[in-house]
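Asker: quick one, what's the 3D model for this:
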Amino acid sequence: MNTGELVLHRFLDPAYAARAEEVFAALGVGSRPVAASEAAQSVGYLAGLPGHESAPRPLVLPEFDESIMVLCGFSRARMDVLFDAMRGAGVPPPGRKAILTPTNMGWTLDALYEELGREHEAMHGQKKNG
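Answerer: From the prediction side, this is the model:
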């Protein structure tokens, strides 16, 4: 496994998730599925970064209408390899994807999900229906 490369993900379709996990394994990339009950945890905590503590479980679990993935520790070249491999396996990367940054590592996964939706809407001038 390439040290430091991790994909955090919440894929909604189990068949898609299984195929994507095969791609990650073939490339030697770590993978961490995120359960609905963990969506209110910080991205840094989910990635296992030191200094990021577990948050209490929310009373109301956030709902995701689309899949999301967060790439941790990837170079641009390795991202391209990953995305090409995913497309080649018939599991193109989801529209909501991000790179772990010092800014977003303190955000909860559900907050990052919402921000990615706002960015997509701003870039494409449309609201995506789930």
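Asker: list the buried residues in the worst-scoring helix or strand of the chain on mean pLDDT.
Answerer: Lowest on mean pLDDT, DSSP states H and E among the helices and strands of the chain sits helix 109-124, with a mean of 89. By 16 or more other C-beta atoms under 10 Å, the buried positions in helix 109-124 come out as 109-113, 116-117. All C-beta atoms are positioned from the backbone trio N, CA, C, and that covers glycine.
Asker: same question, stretch 86-105
Answerer: Here stretch 86-105 shows 86, 91, 93-94, 96-98, 100, 104-105 as buried, counting by 16+ other C-beta under 10 Å.
Asker: would you format those as JSON lines with secondary structure, distance to residue 54 and pLDDT included?
Answerer: JSON lines is the format used below for those (DSSP: H, G, I helix; E, B strand; the rest coil; distance: C-beta to C-beta, whole Å; pLDDT from 0 to 100):
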{"residue": "86", "secondary structure": "helix", "distance to residue 54": "30", "pLDDT": "97"}
{"residue": "91", "secondary structure": "coil", "distance to residue 54": "30", "pLDDT": "96"}
{"residue": "93", "secondary structure": "coil", "distance to residue 54": "28", "pLDDT": "95"}
{"residue": "94", "secondary structure": "coil", "distance to residue 54": "25", "pLDDT": "94"}
{"residue": "96", "secondary structure": "strand", "distance to residue 54": "23", "pLDDT": "94"}
{"residue": "97", "secondary structure": "strand", "distance to residue 54": "24", "pLDDT": "95"}
{"residue": "98", "secondary structure": "strand", "distance to residue 54": "21", "pLDDT": "96"}
{"residue": "100", "secondary structure": "coil", "distance to residue 54": "18", "pLDDT": "95"}
{"residue": "104", "secondary structure": "helix", "distance to residue 54": "18", "pLDDT": "95"}
{"residue": "105", "secondary structure": "helix", "distance to residue 54": "14", "pLDDT": "95"}
